[in-house]
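Chemist: show me how the following folds:
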Amino acid sequence: MNIKGKSLSLNLKKLLYCCGFIGFFASGTICEMTDYQQFQKPILIFSIIILILGVGIVKKHSGINGIIRTSYNLSYILFFISMLCSFIVHFETGILINAFGVILIWWVTNWTMPYARSKGIYSLEREWFLLAFFQSLILGYTIITSGVTINRFQGIFYNSNATGGAGATLCAIAIPYFLFVYLNRKRGDTTKLIFSVIVIVLSVFVTLISTSRTSILTVAGMLVLMFLLMIKEINNKKRLLRIALIVVMAIIVLFFMLRSQYVESILEVIIEKFVARKGNEFAGRQNRWDIVFDRLSFFGNGEESAIGTHNTFLGFLDEYGYSAIISWALYIVFSLYNSLRIAFSKSTNQMKYLPLFSFVCFFLLSMFEGMMLKTIMLICLYSGNIIYLIKKEIGEKGKIKVYINKRGYYET
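Modeler: Numbers count the residues shown, from 1 in each chain. Have a look, this model is predicted:
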């Protein structure tokens, strides 16, 4: 094939990968839209097919054995095996479909996507923009087309909790990029900083007007984590002073905002939800959790008997049993541990903060909402390969073993 033909083939692969990548992660948000949630699985399946076939994967991934041997991925595979055991006991087709669904999604995020990057089809930075693009587009669209309210704003989503979760997910995508650019900024990075700040502001605004308590606490936790990382990473006194000035200015702006009638109304609703109505609203969840604990089973109660627990962990416990929840908890613990290590490492990888914020966001949202196959869960699986990539980059003893080239993928 001549140079022109190779260039055309690469551009076609880039286009297919772009479509598949957006569709893959967008499916987790689409499932929460009132008029489009029935399209989630078709979009997810079609996107997976595009990603697997579109990038032309015909050879074995050279690093797949190393990826599988990581503690968090072994825990995830154990979760898959636990689901298969639950299927054998209950013999429900839905469990089998879910089991192969979770392993197929893992395969795409840990095999197909890094393979595409290694072949120059796409780069990590472009993938970040794609992650942020659809989520920002949907939240912007729902604000423009819906009558914005200060109490339980839901827009095109089926309830306000879904809207708040979408806002928190966007925040988990935007903060890591802002952090990296700010802490490693070079001349010409001002536009990137401004763009990422706008995205963060949009995500926080949507989360606040949704008045979803779980989402608000999740965003608050991520913002605190962001400032802690900024303080930890910055050694320059001038830059620390700059951050202090920014915080002071933010407090002053917040003071004047709090005096506006619009913001006061939002705060009244949020405070009222946290204080006055907390007993009534959490009683429903507590009743469901009591049912789960009353009928605990080693292999769970199956999909058909499962109830909506509003908690990802208890949902897995109810459906698939002890081994499933233990393996999933280990997956989250190992992932958070490794995410913290690379976040505080000397890595210069632009995605070094994404795993930490995605797993923190997923963990906090999962406490009071079911997040199975939601966008933030898909990002967590995607982050697993980022963890592996950066750990290879810095090496076990901090010695660089591979490097990230200008196109954003790694080479030996």
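
Chemist: so how far is Ile379 from Phe79?
Modeler: 17 Å (CB to CB, to the nearest Å). No exception for glycine: its C-beta is placed from N, CA and C like everyone else's.

Chemist: shaky segments in the stretch 1-150 of the chain?
Modeler: 1-8, 56-64 (pLDDT under 70).

Chemist: break down it into its strands, ranges please.
Modeler: Secondary structure of the stretch 1-150 of the chain (DSSP state E, counting those that start in this stretch): no strands present.

Chemist: all the helices of it, residue numbers only.
Modeler: With helices called from DSSP state H, counting those that start in this stretch, the stretch 1-150 of the chain shows them at 3-30, 40-54, 64-68, 71-90, 93-107, 113-118, 124-145.

Chemist: just say which of those is most tucked in.
Modeler: By mean neighbour count, with neighbours taken as mean count of other CB atoms under 10 Å, helix 113-118 ranks first of the helices of the stretch 1-150 of the chain at a mean of 22.

Chemist: just checking, what packs against it?
Modeler: In terms of contacts (3 or more CB pairs under 8 Å, 6 or more residues apart in numbering; DSSP states H and E), helix 113-118 is packed against helix 3-30, helix 124-145, helix 375-394, strand 410-411.

Chemist: quick one on the thing from earlier: now distance to Tyr320 too, for the helices of the stretch 1-150 of the chain, in TSV please.
Modeler: Shown next, in TSV, are the helices of the stretch 1-150 of the chain (distance: least, CB to CB, whole Å):
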stretch	distance to Tyr320
helix 3-30	20
helix 40-54	20
helix 64-68	21
helix 71-90	4
helix 93-107	7
helix 113-118	27
helix 124-145	29
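
Chemist: of all these, which lies closest to Tyr177?
Modeler: helix 124-145 (5.6 Å; CB to CB).

Chemist: for the next helix or strand after that closest one, which positions count as buried?
Modeler: Sequence order places helix 160-183 as the next helix or strand after helix 124-145, per DSSP states H and E. Using 16 or more other CB atoms under 10 Å as the test for burial, helix 160-183 gives 160-182.

Chemist: just stretch 368-377 next, same as before
Modeler: Applying 16+ other CB under 10 Å to stretch 368-377 flags Phe368, Glu369, Gly370, Met371, Leu373, Lys374, Thr375, Ile376, Met377 as buried.

Chemist: tabulate the residues you listed (JSON lines), appending pLDDT and distance to Val224.
Modeler: Listed next are those as JSON lines, based on pLDDT from 0 to 100; distance: CB to CB, whole Å:
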{"residue": "Phe368", "pLDDT": "86", "distance to Val224": "19"}
{"residue": "Glu369", "pLDDT": "87", "distance to Val224": "20"}
{"residue": "Gly370", "pLDDT": "87", "distance to Val224": "25"}
{"residue": "Met371", "pLDDT": "90", "distance to Val224": "21"}
{"residue": "Leu373", "pLDDT": "88", "distance to Val224": "28"}
{"residue": "Lys374", "pLDDT": "93", "distance to Val224": "23"}
{"residue": "Thr375", "pLDDT": "95", "distance to Val224": "23"}
{"residue": "Ile376", "pLDDT": "95", "distance to Val224": "18"}
{"residue": "Met377", "pLDDT": "95", "distance to Val224": "23"}
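
Chemist: and these as a markdown table, adding distance to Trp111?
Modeler: A markdown table is the format used below for these (distance: CB to CB, whole Å):
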| residue | distance to Trp111 |
| --- | --- |
| Phe368 | 33 |
| Glu369 | 29 |
| Gly370 | 27 |
| Met371 | 23 |
| Leu373 | 19 |
| Lys374 | 22 |
| Thr375 | 20 |
| Ile376 | 21 |
| Met377 | 18 |
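
Chemist: follow-up on the earlier one: how about the helices of the stretch 1-150 of the chain, which one is nearest Val224?
Modeler: Smallest distance to Val224 across those (CB to CB): 21.4 Å, for helix 124-145.

Chemist: next, the angle from the closest one to helix 375-394.
Modeler: Orientation note: helix 124-145 sits at an angle of 160 degrees relative to helix 375-394 (axes from the mean of the first three to the mean of the last three CA atoms, to 10 degrees).
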